[in-house]
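K.L.:
build me a model from this:
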Amino acid sequence: MNINDLNEEIKNNEAVSIYFSGKTCGVCQVLKPKIKDALDKNFPKIKQIYIDAQEFQETAASLNVFTIPTVIVYLDGREFLRQSRHISVGNFIEELNRPYDLYFN
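P.N.:
Here you go, the predicted structure:
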């Protein structure tokens, strides 16, 4: 996904999660379904986008993503949460709970 398309998605959705990974990243492949499952169960209103940072290097670089895996969450068009490399799914959920509840409830 190019940066213009990504910016449109961020602009047109209240909440967006972007997961940057790569085909050759073993950790990325293991973590991806866990993050997806956590978002599906706990934060159903967040639109999920997956970007191969190796394929779309320009998009990743424009968002200062230089390591994978990286997850960035936008609420109302603003970056709210960013986690990279050693991501704990439990901590990710915990950090997102309060702002998600405040924004959507």
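K.L.:
list the contacts of the most centrally placed residue in the chain.
P.N.:
Geometric centre of the chain, nearest residue: residue 18, 2.7 Å, by C-alpha atoms, centre = their mean. Listed by C-beta atoms under 8 Å, 6 or more residues apart in numbering, the contact set of residue 18 reads 6, 49, 50, 51, 63, 71, 72, 73, 74. Every C-beta, even on glycine, is put in place using the N, C-alpha and C of the backbone.
K.L.:
kindly report the same for residue 36.
P.N.:
Per C-beta under 8 Å, 6+ apart, neighbours of residue 36: 19, 48.
K.L.:
go with 7 Å
P.N.:
residue 48 (C-beta atoms under 7 Å, 6 or more residues apart in numbering).
K.L.:
let me see the mean pLDDT of the host helix or strand of it.
P.N.:
Assigned by DSSP states H and E, residue 36 belongs to helix 26-42. Helix 26-42 shows a mean pLDDT of 96.
K.L.:
in three-state terms, label residue 82 for me.
P.N.:
strand (DSSP: H, G, I helix; E, B strand; the rest coil).
K.L.:
likewise the one 10 residues further on?
P.N.:
Following three-state DSSP, we place residue 92 in the helix state.
K.L.:
what does the one 10 residues further on give?
P.N.:
Secondary structure of residue 102, reduced to three states by three-state DSSP: helix.
K.L.:
with residue 54 instead?
P.N.:
Taking three-state DSSP, the label given to residue 54 is coil.
K.L.:
is it true that it touches residue 22?
P.N.:
Yes. Residue 54 lies in contact with residue 22 (C-beta atoms under 7 Å); the separation is 4.2 Å.
K.L.:
now the helix holding residue 36: buried residues?
P.N.:
Buried residues in helix 26-42, counted by 16 or more other C-beta atoms under 10 Å: 28, 31, 32, 35, 38, 39.
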